[in-house]
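Participant: Sequence plus predicted model, see below.
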Amino acid sequence: MAQYRECKVKFNRYLLETYKDKFIEDTVAHEMAHLFAHDSNPNCAAHGSDWYYMMFMLGAKASRCHDMETKPARQSRKWNYTCKCGKDFKVSTIKHNRIQNGTVYRCASCKTRLWRD
């Protein structure tokens, strides 16, 4: 992913490690073309003519999508909570942290506060 303000690119480590040659040949050129196109024209469209021109100059195939099999970069953790009526809730880490900092979440049925199992 090209980040224009910082003039840097972030890559998916899994794809790089799994499809090294293809990834370097296609994805690195794709993302660098974004940076070069944006540098020459900050108002350019993401995959517009400026980007296509940069891909041509890099000698790369101008393709917007790849065919590499992906997997999520992160696994989201779920926290177990319950209420007075016995319902179980799976809560995201963000909501769990909010609860730890004092935010109250209630069961829609019994209206009691959720607590950690």
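Facilitator: Good, I have the coordinates.
Participant: Endpoints of stretch 21-37, how far apart?
Facilitator: 24 Å (CA to CA, to the nearest Å).
Participant: Pull out the buried positions in that stretch.
Facilitator: By neighbour count with 16 or more other CB atoms under 10 Å, stretch 21-37 contains the buried residues 23, 26-27, 29-37. From N, CA and C alone the C-beta is placed, and that goes for glycine too.
Participant: Just name whatever secondary elements the strand or helix carrying residue 39 is in contact with.
Facilitator: Assigned by DSSP states H and E, residue 39 belongs to helix 29-40. Packed against helix 29-40 by the contact rule (3 or more CB pairs under 8 Å, 6 or more residues apart in numbering; DSSP states H and E) you find strand 2-3, strand 8-9, helix 49-58.
Participant: I'd like the ones you listed as JSON lines, with mean neighbour count, distance to residue 90 and mean pLDDT appended.
Facilitator: JSON lines is the format used below for the helices and strands packed on helix 29-40 (neighbours: other CB atoms under 10 Å; distance: least, CB to CB, whole Å; pLDDT from 0 to 100):
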{"stretch": "strand 2-3", "mean neighbour count": "16", "distance to residue 90": "33", "mean pLDDT": "66"}
{"stretch": "strand 8-9", "mean neighbour count": "13", "distance to residue 90": "35", "mean pLDDT": "81"}
{"stretch": "helix 49-58", "mean neighbour count": "17", "distance to residue 90": "41", "mean pLDDT": "92"}
